[in-house]
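>>> Sequence and predicted structure below; questions after.
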Amino acid sequence: MCRLLGVVTPDPTRLADSLTDLIEPFAGLSREHRDGWGVAAWHAGGELAVTRDLVPAHASARFPETLAGSVTDAAILHIRMASPGLATEPHNTHPFSAGAIAFAHNGYFTPVDAVDDLIDPDLLAGAGGETDSERYFLRVLSRLHAEDPVDALALAAADIRGRARFASLNCLLLTQHALYAYSEENPDSEVSRRRGPDFFRLRYQARPDRVVVASSGIGPQHEEGWSVLPYHHVLEIHRSDLRVSTHLVRSGRPEVTASARC
């Protein structure tokens, strides 16, 4: 299993500053989720930069260097706990990226090839690793050919749900326009039964200086100002104005349930 963290700010800011209160608890979780880390961030000039390392975040010299050197208004961070049998290799380390899009997943589904026949053949041929998470990303990318990111996330999750056993389909998607989060858990999975009902919860906090979304265990999420992202919802955080929308999936299609500007 893994942990996710995403942030959007009004102006480009060093990640070391915009996430100052969350960095230590996030990195601390890498003592358990110790199979590498990654950061995808929009840099000046419109470049999406992705940095990944196989060393646990709490022990990696590159992790604080990356946060200090990333001046950005939107980023996603991931620490990995590899599923049994999957190698700790760069090509299996999140975030995955393609052009101007980055993606990170927390959870697993099996079999890994459950949606391979639904993935664009050219995308599948270019897969760099062996993880179910990368296949999830490739299915989202395939959906993005015809659908917007909210629909693509929700429908890709539905595709997996209909074909595979899974623990969680929680994920973050970063595009040129917004940061998206999707939340879904299988409470009957072995991981959920063992870890408890809070393990796969995603929460978000919207303030004038930032909007963050985070896995459980990262920071003081039970304090005032944090909201749970309900299961089967997509959270959308616009980069241009920090507008936050939540979309509930009904009958395979999302509908807006709330929208606000910070």
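Received the coordinates, thanks.
>>> C-alpha from now on. contacts and neighbour counts both.
Fine.
>>> any chance you could map the helices in the protein?
Counting by DSSP state H, the chain has helices at residues 15-18, 23-28, 62-69, 121-125, 132-144, 149-161, 190-195.
>>> so how far is the last one from its chain's centroid?
Read it as helix 190-195. On the basis of Cα atoms, centre = their mean, to the nearest Å, helix 190-195 sits 20 Å off its chain's mean C-alpha point.
>>> repeat for the first one
Here the centre of helix 15-18 is set off from its chain's centre by 18 Å, with Cα atoms, centre = their mean.
>>> Which strands or helices does it pack on?
Counting contacts by 3 or more Cα pairs under 8 Å, 6 or more residues apart in numbering; DSSP states H and E, helix 15-18 packs against helix 62-69.
>>> Which positions within the helix it packs on qualify as buried?
For helix 62-69, a neighbour-count test (16 or more other Cα atoms under 10 Å) marks 62-64, 66-67 as buried.
>>> would you turn those into JSON lines with pLDDT and distance to Leu29?
Below are those laid out as JSON lines (pLDDT from 0 to 100; distance: Cα to Cα, whole Å):
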{"residue": "Arg62", "pLDDT": "97", "distance to Leu29": "17"}
{"residue": "Phe63", "pLDDT": "97", "distance to Leu29": "14"}
{"residue": "Pro64", "pLDDT": "98", "distance to Leu29": "15"}
{"residue": "Thr66", "pLDDT": "98", "distance to Leu29": "18"}
{"residue": "Leu67", "pLDDT": "98", "distance to Leu29": "17"}
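>>> closest to Gly107 among these?
Using Cα to Cα, Phe63 comes nearest to Gly107 of the buried residues of helix 62-69, at 22.5 Å.
>>> Turn the helices of the chain into JSON lines, including distance to Ile101.
Shown next, in JSON lines, are the helices of the chain (distance: least, Cα to Cα, whole Å):
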{"stretch": "helix 15-18", "distance to Ile101": "19"}
{"stretch": "helix 23-28", "distance to Ile101": "23"}
{"stretch": "helix 62-69", "distance to Ile101": "19"}
{"stretch": "helix 121-125", "distance to Ile101": "14"}
{"stretch": "helix 132-144", "distance to Ile101": "9"}
{"stretch": "helix 149-161", "distance to Ile101": "10"}
{"stretch": "helix 190-195", "distance to Ile101": "29"}
